Structure formats: C-alpha cells, structure tokens
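Novice: when you get a sec, could you give me coordinates for this:
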Amino acid sequence: MAQAQAQAHAEAVEAEARKRKRWKDDEREITQAQAHAEAVEAVVQWNHACFGVRGVSKRTGSDPVHGQSVGWASSLGATVS
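Specialist: Predicted structure coming up:
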C-alpha cells in the first residue's frame, strides 16, 4: 500500500511539474508577443516621425497636407493646381 501511495504522490508531483512548465512556456510566449508588439509600435512611431502621417481621404481622394491627389503621380508629390 505504501508503494502505491508513493507512486501516486510521484505522479502528482510530475503532473504539477508539467503544469508549471506549460505555464512557463505560455508566459515566455506572451512575453515574446509583447516584445514583438512593442517593436512594431516603435517602427510605426519611427516611420511617422521620419516620414510624417498623411491622411488621404478614401471618399474624396484629397490629402489635407498636399492637396488633391492625382493618381500615381501623387506618390511623387504631384498635386492638382
């Protein structure tokens, strides 16, 4: 009987260890996902700081900074006069 109890205790300890390992793996994945999200946000902020944020209206095609867009030429900075 003592051997059966010892076996049950060993299995419970092993199950708890597996649960803790899964928790640590999950925690590591969450930490990596948070680090990735922070890195993406930093790149977006850098892009906005370096290149500015241009808001072209999908409805009117107008750009509040550079005026009316003119198709592919607007990517070169051309505007309607």
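
Novice: so, low pLDDT: which residues of the chain?
Specialist: 1, 53-81 (pLDDT under 70).

Novice: where do the strands sit along it?
Specialist: When secondary structure is read from DSSP state E, the chain shows strands at 62-63, 67-68.

Novice: for residue 33, which residues are in contact?
Specialist: By CB atoms under 8 Å, 6 or more residues apart in numbering, residue 33 lies in contact with nothing. From N, CA and C alone the C-beta is placed, and that goes for glycine too.

Novice: quick check: it vs residue 26, distance?
Specialist: The gap separating residue 33 from residue 26 is 11 Å, by CB to CB, to the nearest Å.

Novice: just residue 7 next, same as before
Specialist: Applying CB to CB, the value for residue 7 to residue 26 is 29 Å.

Novice: again, but for residue 14
Specialist: When distances are taken as CB to CB, residue 14 and residue 26 turn out to be 19 Å apart.
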